[in-house]
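Novice: my questions concern the predicted model and sequence given below.
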Amino acid sequence: MKLAEVLVRPVITEKVNNQIERSGRYTFEVDKRANKLEVKQAVEEFYGVKVNEVNTIVVPGKNKSRFTKAGLLKGVKPSYKKAVVTLAEGDTIDLFSI
């Protein structure tokens, strides 16, 4: 798998921001086929930092329903994989600059 296909997007939430400030752990949504070694290589190459640890989680899909004029519509949100990356001491990633 190409390294450009591994990282889908960074995850930005309040919980993730607290992890970034306290322990230098960044969270990314990654391709479901990517393994920990590919995630580590992709983060190190794209952001120029040293990665100490990678933890991966497969988030299961959720059932969703809503009421409309046509009646009750049901569907499923897709599952996805996310990776929590711990950086070396002193390394940071600036996710907010474009």
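Specialist: Yep, it's here.
Novice: all contacts plus neighbour counts: C-alpha atoms, from now on.
Specialist: Will do.
Novice: could you point out which element follows the one helix or strand I57 maps to?
Specialist: Using DSSP states H and E, I57 sits within strand 51-59. Next in sequence after strand 51-59, counting helices and strands by DSSP H and E, comes strand 62-68.
Novice: in the sheet, who's paired with F67?
Specialist: Judged by DSSP bridges, the bridge partners of F67 are L72.
Novice: helix, strand or coil for the residue nearest in space to the middle of the chain?
Specialist: Centroid-nearest residue in the chain, with CA atoms, centre = their mean: F28, separated by 2.0 Å. At F28 the chain is in strand, as set by DSSP: H, G, I helix; E, B strand; the rest coil.
Novice: can you check T92 too?
Specialist: Counting by three-state DSSP, the backbone at T92 sits in coil.
Novice: thought it was touching G24?
Specialist: Yes - using CA atoms under 8 Å, T92 makes contact with G24 at a distance of 7.1 Å.
Novice: coming back round to it: elements contacting the strand holding I57?
Specialist: Under the contact criterion of 3 or more CA pairs under 8 Å, 6 or more residues apart in numbering; DSSP states H and E, strand 51-59 touches helix 36-47, strand 80-87.
Novice: give the buried residues for it.
Specialist: For strand 51-59, burial by neighbour count (16 or more other CA atoms under 10 Å) applies to V51, V54, T56.
Novice: would you agree the last one is in contact with K36?
Specialist: Yes - using CA under 8 Å, T56 is in contact with K36, at 7.1 Å.
Novice: where does the protein have low pLDDT?
Specialist: Residues of the chain meeting the criterion pLDDT under 70: 98.
Novice: before we move on, back to that, what's the most buried one of the helices and strands packed on strand 51-59?
Specialist: strand 80-87 (a mean of 21; mean count of other CA atoms under 10 Å).
Novice: who touches that strand?
Specialist: 23-32, 39-40, 49-61 (CA atoms under 8 Å, 6 or more residues apart in numbering).
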